[in-house]
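>>> structure of the sequence below:
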Amino acid sequence: MKITFLGTSSMMPTHDRNHSAILLEFGSEKILVDCGEGTQRQLRIAGISPAKITKILITHWHGDHILGLPGLFQTMHASNYNKTLYLYGPRDSKKHLTNILNSYITTKKIDIKVIDILKSAIFLKEKEFSISAGYLNHTAPCLGYSLKLADKRNINLDYTKKFNL
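Okay, here's the model as predicted:
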């Protein structure tokens, strides 16, 4: 697993810190957590293609966490993004994303599947990892995410057979 901090500032960026965005990489999975303004620039600085993003996790729909989405979507389209992008977020995420997508003119939109997370639970289970979400106390419906790597055994079975294990 690789974690790239693209932005760690709060509502107002600073000279040295961008709005909230983190990229998690698990093999071919590239999961973006939040997408504040300037996230595309931060991806370029880190040498990461936006077209490689497979999933987006939204913590909440305050502007400092999501206003980078329209530009990101347009760049993904311009990069011939041909997969379905999965976007997970708190309740009403479908409604909020629809509002954003209807707020600007574009010739074509990428295929985005939005999943509203309605309760605290594991919502994504892959071979190498799982992700769960839990609601937090905030001024907007807000999720905290927990990522867990799958357990792996590194046991020499031939050696343990010598001891009848």
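
>>> ranges for the strands of the protein?
2-7, 21-26, 29-33, 55-57, 85-90, 112-117, 121-125, 129-136, 142-149 (DSSP state E).

>>> redo the ones you listed as CSV? Include mean neighbour count, mean pLDDT and distance to Thr75.
In this view, the C-beta of every residue, glycine as well, is placed from N, C-alpha and C. Compiled in CSV, these are given as follows (neighbours: other Cβ atoms under 10 Å; pLDDT from 0 to 100; distance: least, Cβ to Cβ, whole Å):
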stretch, mean neighbour count, mean pLDDT, distance to Thr75
strand 2-7, 16, 94, 14
strand 21-26, 20, 95, 14
strand 29-33, 21, 96, 12
strand 55-57, 22, 98, 13
strand 85-90, 21, 98, 12
strand 112-117, 16, 96, 14
strand 121-125, 13, 94, 24
strand 129-136, 17, 96, 24
strand 142-149, 15, 94, 24
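
>>> I'd like the distance between the residue nearest to Ile112 when sequence neighbours are not counted and Ile115.
Of all residues not flanking Ile112 in the chain, Leu85 sits nearest, at 4.9 Å (Cβ to Cβ, 6 or more residues apart in numbering). Remark: distance between Leu85 and Ile115 (Cβ to Cβ, to the nearest Å) = 11 Å.

>>> thanks a lot, see you next time.
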